[in-house]
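S.K.: below are the sequence and a predicted model; questions follow.
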Amino acid sequence: MLRDAQSVNTPAATILPHPTMRLFAVSTDGLQDASIADAQVNEHTHPVATTQAAAPSQVTQRNKATHPDPSRIYTSANNQNLHELKEASADMLDVIGIGIGPFNLSLAALIEPTPLRALFLEKRDAFFWHPGLALPNSRLQVSPLKDCVTLVDPTSPYSFLNYLALHGRLYSFVNKRNASTSRQEFIEYYRWVAGRLNTLRFSEEVKDVVPFRHGYRISTNTTTYLTRAVVVGVGVEPKIPACASSLLCDTVYHAADYLERQPPFADEHVLVVGGGQSGAEIIEDILTRSVSTQITWATSRSNLFAIDDNSFVNEAYTPAYSRRFHALPLQQRRDIVEGEMLTSDGISVDLCNRLYEMLYERSVDGTLADRFRVLSSVVVKHVTSHDKRWRVDLNEIATQRNSCVLVDRIVLATGFQPRTPPFLQALLEGACMEDGLPVLGPDYAVRFSRHMPGPIYLQNQSRVQHGLQSANLSLVAYRNSLIINSLLGRPFYLNTSDRQMIEVSIPSNTSERDAGVVAMPSSRHVLGSI
């Protein structure tokens, strides 16, 4: 995805989306009465929230496209189309992103050179990305080139390579002969991008999103905004087993809170539940801290499986693959997601080997005996308090036999699930559903059964509709380029997808080849999921 050298040079304050977009007033059947909504807006709304945010000219100046740069590729703009709908409110933004995590941060960076007037709102006071899991030895499981912008716009100033160059580490990064990077360095990269964007507003919690005649009224804890479109990127929340949900405390907690709790004591017995990357990183951290801590590692999987990260498997994380996947029937998509789970949800090979080496060395010097064990193919059935400790009842999947373990601390590395705040639940009431999930188009816009005044896009809510890539960093820039093109009603970012190396049939022409392929469901089965 690159851009055409004919950059848009239209004043941002008057730029409106392409007239073919679903951004402007349509029938308000099923919505609150338009006259009431307009009255509420006129009475309670600050023009583009001038009390808390920069005025429209300030917000959009950063987004305004500059003079054409021959080193960058843009599509040509139709200025007449961009000005045809001047009757819409000049105070209304083109798009508001709710939540500022890696996904919407990427969107903000890619929107900057476009004519779109955008703002991004986040309830936290700064950028965070799983701070409780930023362990010293944690590594990024994808290439750092899968950053906010590079795979769509390699010339963007917000790339990871530019971050390295400006911090004097580019040559050192190349010389270390390891294409990966630490999670901590990538967090610093994200914070660097966030610090350079003027469209981000922290400490603003969205309370309500209400449709009205020309778009949406977004109410926060400080003010109200108007926008023609909304991109929801509120991230994920810990997935807690039902048997432990009422017991969360200083000694029973999710892995997301690991670094925010007191480290395990040397004389404790710690149970880590979950056989994925987070669980493995926590096990390594405990082993590094003390040779005395007793550890039980329980997983429903039949083994501690490494992530399937070979070059051919990674073809599943390409734009062509994602497009083809989205067009498949629901059950086939579900089968593929299950069959390819280890391409996204496994332990890195290096970490697996480090852990095994640590355990082997402890077996040699005699410090491992009775201090460490792995229980595979088991699920936690009950957790109860027992004499200031925790009794955990386990069920063996294969034999259905029951066992129990007494521990001092329980760390639940049981994964995450999409967060659905109340305003989103209300907003999705009229959405078309597919097996309990909102139906999303190829551009990640929600499909509604009733008329809506503008599009609602969802980030990280479509693993079964768009594939495993929708929940990780692999195609974040590509996904956001689709959202931007949809908002503009034209291809601002051009499709420059590579030819895929694997084909399920001989293509009849180039366009069919470019449509991509979807691999058959894997024959490799993983017992259990955590």
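M.R.: Yep, it's here. Numbering: from 1, shown residues only.
S.K.: how about stretch 240-256: buried residues?
M.R.: Ile240, Pro241, Ala244, Leu247, Thr251, Val252, Tyr253, His254, Ala255, Ala256 (16 or more other Cβ atoms under 10 Å). Yep, even glycine has a C-beta here, placed from its N, CA and C like the rest.
S.K.: how close does the third one get to Leu271?
M.R.: So that's Ala244. As defined by Cβ to Cβ, to the nearest Å, Ala244 lies at a distance of 11 Å from Leu271.
S.K.: still on that earlier bit, now, the buried residues of stretch 240-256 that are in strands?
M.R.: Per DSSP state E, strands hold the following members of the buried residues of stretch 240-256: Val252, Tyr253, His254.
S.K.: present those residues as JSON lines; the columns should include distance to Phe372.
M.R.: What follows is those, written out as JSON lines (distance: Cβ to Cβ, whole Å):
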{"residue": "Val252", "distance to Phe372": "21"}
{"residue": "Tyr253", "distance to Phe372": "21"}
{"residue": "His254", "distance to Phe372": "22"}
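S.K.: strands of the stretch 51-200 of the chain, residue ranges please.
M.R.: For the stretch 51-200 of the chain, the strands defined by DSSP state E, counting those that start in this stretch cover 95-98, 118-121, 200-201.
S.K.: which strands or helices does the shortest one pack on?
M.R.: For strand 200-201, the packing partners by 3 or more Cβ pairs under 8 Å, 6 or more residues apart in numbering; DSSP states H and E come out as strand 118-121.
S.K.: between the ones in strands among the buried residues of stretch 240-256, which is nearest Ser344?
M.R.: Nearest to Ser344 among these is His254, at 19.4 Å by Cβ to Cβ.
S.K.: run a quick neighbour tally on the spatially closest residue to Gly430 that is not a sequence neighbour.
M.R.: Using Cβ to Cβ, 6 or more residues apart in numbering and skipping the chain neighbours, the partner closest in space to Gly430 is Arg450 (4.5 Å). Applying other Cβ atoms under 10 Å, we find 14 other residues in the vicinity of Arg450.
S.K.: ranking the strands of the stretch 51-200 of the chain by burial, who's on top?
M.R.: Counting by mean count of other Cβ atoms under 10 Å, strand 95-98 has the highest mean neighbour count of the strands of the stretch 51-200 of the chain, with a mean of 27.
S.K.: give me the contacts around it.
M.R.: Strand 95-98 is contacted from outside by 104, 107-108, 111, 116-121, 206, 209, 216, 218, 225, 227-234, 487, using Cβ atoms under 8 Å, 6 or more residues apart in numbering.
S.K.: ok, the ones in strands among the buried residues of stretch 240-256 vs Tyr171, which is closest?
M.R.: His254 (39.5 Å).
S.K.: which ones are touching the closest one?
M.R.: His254 is in contact with Pro238, Ile240, Leu248, Val411, Leu412, Ala413, Thr414, counting by Cβ under 8 Å, 6+ apart.
S.K.: narrow those to just the buried residues.
M.R.: Burial by neighbour count, judged by 16+ other Cβ under 10 Å, picks out Pro238, Ile240, Val411, Leu412, Ala413, Thr414 from the contacts of His254.
S.K.: which ones among those residues lie within helices?
M.R.: Among those, no member falls in helices (DSSP state H).
S.K.: please consider this matter closed, and thank you.
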